[in-house]
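just coords:
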C-alpha cells in the first residue's frame, strides 16, 4: 500500500489544495493531509483545530484521505504515519526553487522523498496568503474555498470572508 503525506499550514484550505488532494487520492492508496501552524505566516485566520475540522468536512467524500495536525518536523510525521513520500503542490515555476530546497533537506535528514504535483487548472492563482489578506480587508473569498471553509470564515469573521 502506498501512503503519502500532504503537509501544509492550509490557512485557509482552498480550491487549489482541494484539487491536489483529489489528484493524489486517485493516484495513491492512502493520503494523510497534515495541518501545522507556521509561525512565519503570522496570526492565522483559523486555529489549528478549526483548520483541521474544515479540511475534514471538505474531504468527507474521500474514503482514502485522513486529516491530522502536527507540531514537529514533517519528516518525523512522515515516519510516524508510515508515509512513503511527501506530496507538495506547485502553482508556478517560482514555487519550485523553495520547494526543491526543502525536499532536498527532508531527503538528506530522513531519506523520505518528495513528489511535486503541478497545478494544471484555473485554481493555480489561488494562494492562502492572498485569501488571508482579502478576508482581513473585508473581501469575498467564497469562490476560492470549499463551502465548509467559507462557512467557518463567515462565522469567525461575520462581516468578512464571504459575500
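Noted; the coordinates are in hand. All values derive from a computational prediction rather than experimental measurement.

Tell me which stretches of this structure form helices.
15-27, 48-58, 74-81, 93-110, 128-136, 147-156 (DSSP state H).

Quick one: list the elements packing against the first one.
What that stands for is helix 15-27. Contact partners of helix 15-27 among helices and strands, from 3 or more C-beta pairs under 8 Å, 6 or more residues apart in numbering; DSSP states H and E: strand 3-8, strand 30-35, strand 85-90, strand 113-118. All C-beta atoms are positioned from the backbone trio N, CA, C, and that covers glycine.

Contacts for the first one, please.
Contact with strand 3-8 is made by 17, 20-21, 24, 28-36, 70, 74, 77-78, 81-88, 115, as judged by C-beta atoms under 8 Å, 6 or more residues apart in numbering.

Could you tell me which of those residues count as buried?
For those, a burial check counting by 16 or more other C-beta atoms under 10 Å picks out 17, 20-21, 24, 28, 30-36, 70, 74, 77-78, 81, 83-88.

For residue 43, grab the count of nearby residues.
Applying other C-beta atoms under 10 Å, we find 8 residues neighbouring residue 43.

circling back: tabulate the helices of the chain (a markdown table), appending distance to residue 5 and mean pLDDT.
Shown next, in a markdown table, are these (distance: least, C-beta to C-beta, whole Å; pLDDT from 0 to 100):
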| stretch | distance to residue 5 | mean pLDDT |
| --- | --- | --- |
| helix 15-27 | 10 | 96 |
| helix 48-58 | 14 | 97 |
| helix 74-81 | 5 | 96 |
| helix 93-110 | 10 | 93 |
| helix 128-136 | 19 | 93 |
| helix 147-156 | 21 | 93 |
